[in-house]
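*Asks:* have a look at this prediction, sequence included:
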Amino acid sequence: MTTTTPSTAAPTPDPDETDVLAPRPARLIQNESTTEIPVHLLFRDDPEPSAVRLAPAVVARRQGTGEQPRLRRPAAARPRPVAEVDPGLAERPARVLPGAAGVFAGACGAAGCAATSWWAGVLPPLAVDALGLPASVPAGLGPAQWAAYAGAGALGLFGFGGLARGRTGRAWVLGMFGRYRGTVRRTGLMWVNPLVLRRRVDVRLRHWRSGEMPASDRSGVALRVVVLVVWRVRDTARATLGVEDHETYLRECVEAALARVPVATPGSGTGAVEASAENLSRLVAADAAAVGLEVFTVRPVRVEYAPEVAAAMNRRRIAALDAEHRASVLSSVVDSVEDTVTRLTVRGLVELDDYERKALVKDLTVAFCSGRGETSP
């Protein structure tokens, strides 16, 4: 009789036990831009040095919370302040009239004065006859005559007093009651308001050769440099009103650039000299542009070592030459002694042992050195 053993069915795992036994996946926070950030990276106090840094990303707002997206940006370095003058100060053309208008106004004023004098009867008879004016009854100098004199005189003064001559390469900077009124770059005869203050500015291409300025090379050795600067005034308003003296400002900019840029020494080669001149030109042009100056080139024309450095280098050069001369003299003496001893022994003129050979070499060396010392300059 066969006994059937009931099979033992596998127990059904409890859902709670399954959650305990099975490993749980790491929780992730996923934003709208599909960027996944592990939770343990967000709440870790001491990050490992080898951990990979996450690129700055936009953490989107959570659904249903109403939060706005936050942009995480790395802290940027504060830019270096750039020197600039009044932003509203810029060159603009001034209002002037042709010179013919000033001449016409001045002539009208002079004619008015003459007519008033004839009206008042104070014009000399010779002038009346020369002008061909009819004789009139003198009215005398009354209020009407004085008023006519004042008007005609003011017209004549304004007409002739405002005449100016513009030249090529020159400009007028006009100001009235402390306010900039414009720049005149016209040439020839013109009429400018005589009440404005005029400042003449040279706008031609100019060359400035500096004196000896301190500088240094790439090794920090002190130098004395003479530079040639090619420049011109581009904005007359900024150059005249934005700085007290634009020429002094340019000199100081060149000196500051020489303190920052190493200058190529005379034996550095053409490439190093050109690179140094280009760096100097770029720095000086950037600093001078704030006051309306346009710098084309800043080129060193003479580079010398400082006096103290030149003296030390001269002593070192003399010592090197002296050492080289001594080495050449010693080599020549040794060769002469060797040749003399070899000839004496090879030809069988003398037979020398070691002691005698050493004595002969010593005597010959002293003799040759003494002879070279007497003949050397």
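*Replies:* Done, it's in. Residues are numbered from 1 along each chain as shown.
*Asks:* can I get stretch 153-168 in CSV, CA atoms only?
*Replies:* Taking C-alpha atoms only, stretch 153-168 is exported to CSV below (Å, rounded to 0.1, in the frame of the first residue of the first chain):
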residue,chain,number,x,y,z
GLY,A,153,27.7,149.6,-31.0
ALA,A,154,26.5,146.3,-29.6
LEU,A,155,25.8,145.0,-33.1
GLY,A,156,29.2,146.1,-34.3
LEU,A,157,31.0,144.6,-31.3
PHE,A,158,29.2,141.3,-31.6
GLY,A,159,29.8,141.1,-35.3
PHE,A,160,33.6,141.9,-35.3
GLY,A,161,34.3,140.4,-31.8
GLY,A,162,33.0,136.9,-32.8
LEU,A,163,35.2,136.6,-35.9
ALA,A,164,37.7,133.7,-35.6
ARG,A,165,40.0,131.8,-37.9
GLY,A,166,40.1,128.1,-37.9
ARG,A,167,43.3,126.3,-38.9
THR,A,168,43.9,122.8,-40.1
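*Asks:* which strand or helix spans the residue lying closest to Pro93 once chain neighbours are set aside?
*Replies:* Nearest in space to Pro93, with sequence neighbours left out and distances taken as Cβ to Cβ, 6 or more residues apart in numbering, is Gly182 at 5.7 Å. Heads up, the C-betas are built off the backbone N, CA and C, glycines and all. Assigned by DSSP states H and E, Gly182 belongs to strand 179-184.
*Asks:* remind me what the very next helix or strand once past that strand packs against, helices and strands.
*Replies:* For strand 179-184, the following helix or strand on the C-terminal side (DSSP H and E) is strand 188-191. Judged by 3 or more Cβ pairs under 8 Å, 6 or more residues apart in numbering; DSSP states H and E, the packing partners of strand 188-191 are strand 97-98, helix 99-120, strand 163-166.
*Asks:* contacts for strand 188-191, please.
*Replies:* With contacts defined as Cβ atoms under 8 Å, 6 or more residues apart in numbering, strand 188-191 is touched by 96-102, 105, 159, 162-166, 184.
*Asks:* out of these, which end up buried?
*Replies:* Val96, Gly99, Gly102, Ala105, Gly159, Gly162, Leu163, Ala164, Gly166, Val184 (16 or more other Cβ atoms under 10 Å).
*Asks:* in the stretch 151-300 of the chain, which spans are helices?
*Replies:* Assigned by DSSP state H, counting those that start in this stretch, the helices in the stretch 151-300 of the chain fall at 236-241, 246-260, 270-288.
*Asks:* got the contact list for the last one?
*Replies:* Think helix 270-288. 83, 227, 229, 231, 249-250, 253-254, 256-258, 260-264, 294-300.
*Asks:* let's see it at 7 Å
*Replies:* Residues from elsewhere that reach helix 270-288 (Cβ atoms under 7 Å, 6 or more residues apart in numbering): 83, 250, 253-254, 257, 260-264, 295, 297-300.
*Asks:* now list the buried members of those.
*Replies:* 250, 253-254, 257, 261-264, 295, 297-300.
*Asks:* now Gly267: how far from Gly292?
*Replies:* 39 Å (Cβ to Cβ, to the nearest Å).
*Asks:* ok, the two, which is more surrounded?
*Replies:* Using other Cβ atoms under 10 Å, the more surrounded residue of Gly267 and Gly292 is Gly292, with 24 against 6.
*Asks:* my guess is the more buried one meets Ala239, correct?
*Replies:* Yes. Gly292 is within contact range of Ala239, at 4.1 Å (criterion: Cβ atoms under 7 Å).
*Asks:* overlap in contacts, those two.
*Replies:* Shared contacts of Gly292 and Ala239, defined by Cβ under 7 Å, 6+ apart, comprise Val233.
*Asks:* can you show me the strands along the stretch 251-377 of the chain?
*Replies:* Under the criterion DSSP state E, counting those that start in this stretch, strands of the stretch 251-377 of the chain are mapped to 293-305.
*Asks:* which sections of it are below the confidence cut-off?
*Replies:* 309-318, 322, 348, 371-377 (pLDDT under 70).
*Asks:* same thing but 50
*Replies:* 374-377 (pLDDT under 50).
*Asks:* and Gly269, its phi and psi?
*Replies:* Here is the backbone geometry of Gly269 (degrees, to the nearest 10): phi 110, psi 160.
*Asks:* list the contacts for the residue nearest to Pro93?
*Replies:* Arg92, Pro93, Ala94, Arg95, Leu174.
*Asks:* now could you export just the CA positions of stretch 342-357 as CSV?
*Replies:* The C-alpha coordinates for stretch 342-357 follow below in CSV (Å, rounded to 0.1, in the frame of the first residue of the first chain):
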residue,chain,number,x,y,z
THR,A,342,109.4,66.1,-25.9
ARG,A,343,111.9,67.5,-28.4
LEU,A,344,114.8,67.3,-25.9
THR,A,345,114.1,63.7,-25.0
VAL,A,346,113.2,62.4,-28.5
ARG,A,347,116.4,63.8,-30.0
GLY,A,348,118.5,62.4,-27.2
LEU,A,349,119.9,65.7,-26.2
VAL,A,350,119.3,64.9,-22.5
GLU,A,351,118.5,61.9,-20.5
LEU,A,352,116.1,62.7,-17.6
ASP,A,353,114.7,60.7,-14.8
ASP,A,354,111.4,61.6,-13.1
TYR,A,355,112.9,64.1,-10.7
GLU,A,356,114.9,65.9,-13.3
ARG,A,357,111.9,65.9,-15.6
